[in-house]
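# After the sequence you'll find the predicted model.
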Amino acid sequence: MSLIDGDPSEQGILSSYADISLDWPELHLDLNEEGNELSATSAQSGLFYDSLFGISDLYGIEEVLFFNPNGENDIIVAEREIDEPLIVEDERGLTRGYYTIYDEDLEETLFLAGGELVEQVEDDIGEPLSFPETVEAMHTVDREDAFYFSSIVEGLEIVNSSMENGIATVQYTMDEEVVTEADRIVFENAIQLAALDFRAWEVRLINNTMQEFITYPLVGQ
């Protein structure tokens with residue numbers, strides 16, 4: 001997973017207008033355009049920064065710096081005025097679980113972090129959800145008026161989930177008459193994202209229905 005692959009902006013801000021470099025633990029984004037080329041809708045703006053900080057956090061980046069074409073830290077990107085380094089930890093917050101929204105302009109499914117959606121990220125005593133608790137929470141959407149959806153569609157049932165020694169394992173069944181291949185891909189991607197928030201280095205998915213075992217190496221592998 002890369003910053004460019006995860007960029008949900010319609011015009012591909014990072015791939016089209018930015019030179020990306022690392023000065024560890026800082027991420028430098030040198031923009032070669034200003035103005036309308038870097039604009040975005042409100043929805044895409046939120047998704048852009050969620051993705052940017054989420055992926056930066058996964059790779060251990062602590063600060064993100066934007067520079068305008070003159071090399072100055074003063075620019076508007078995706079509807080946000082930026083004139084100082086952005087601290088990933090402050091921007092990221094506590095994240096548990098991922099939900100989906102289909103972007104008709106991009107013609108693809110985008111993933112939204114539960115913490116950004118006021119979905120459950122803590123248990124009853126205020127402790128962050130464990131990985132199994134996170135997977136369980138992802139099965140439903142708390143808000144009745146939600147504009148987003150569960151990444152685990154009806155017909156997919158979690159049998160068991162665990163996180164041990166950096167390996168996330170999810171065992172599940174599926175109703176093959178209801179669950180499409182696209183539904184399954186979305187589910188698998190959401191589980192990988194959820195596991196990354198726990199610093200997992202590998203995800204193992206066990207499909208009891210199809211008697212299938214899939215391993216996904218994650219960051220650093």
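Everything's here; your move.
# The chain - how does it break down into domains?
With the TED database serving as the domain definition, the record reports that the chain contains domains spanning 8-92, 98-217.
# Would you reformat those as TSV and include mean pLDDT and mean neighbour count?
Glycine gets a C-beta too; all of them are placed from N, C-alpha and C. Written out in TSV, the entries for the domains of the chain read as follows (pLDDT from 0 to 100; neighbours: other C-beta atoms under 10 Å):
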stretch	mean pLDDT	mean neighbour count
domain 8-92	80	16
domain 98-217	91	16
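# close enough to count as contact, residue 154 and residue 178?
Yes: judged on C-beta atoms under 8 Å, residue 154 makes contact with residue 178 at a distance of 6.5 Å.
# what's the distance between the residue of the chain most remote from its centre and residue 19?
Within the chain, residue 70 marks the point farthest from the mean C-alpha position, 31.2 Å out by C-alpha atoms, centre = their mean. Taking C-beta to C-beta, to the nearest Å as the measure, residue 70 falls 14 Å from residue 19.
# Backbone dihedrals for residue 142, please?
Backbone geometry at residue 142, expressed as degrees, to the nearest 10, gives phi -70, psi -40.
# where do the helices sit along the protein?
Secondary structure of the chain, counting by DSSP state H: helices at 13-17, 42-58, 88-92, 131-137, 181-196.
# Let me see the ranges of the strands in this structure.
Applying DSSP state E to the chain gives strands spanning 18-23, 26-31, 63-67, 75-77, 80-82, 86-87, 98-103, 108-113, 149-150, 156-164, 167-174, 202-207, 212-217.
# any chance of those in TSV, plus distance to residue 49?
Formatted as TSV, the strands of the chain follow (distance: least, C-beta to C-beta, whole Å):
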stretch	distance to residue 49
strand 18-23	14
strand 26-31	12
strand 63-67	9
strand 75-77	9
strand 80-82	7
strand 86-87	9
strand 98-103	15
strand 108-113	11
strand 149-150	21
strand 156-164	27
strand 167-174	26
strand 202-207	25
strand 212-217	26
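# List the residues that contact residue 114.
Each residue near residue 114 by C-beta atoms under 8 Å, 6 or more residues apart in numbering is listed here: 95, 96, 97, 98, 99, 120, 121, 134, 137, 138.
# So which of those is the closest to residue 75?
residue 95 (26.2 Å; C-beta to C-beta).
# Quick check: that closest one vs residue 196, distance?
To residue 196, residue 95 is 10 Å away according to C-beta to C-beta.
# got it, and residue 21?
Residue 21 sits 23 Å away from residue 196, going by C-beta to C-beta.
# Good, we can wrap up now.
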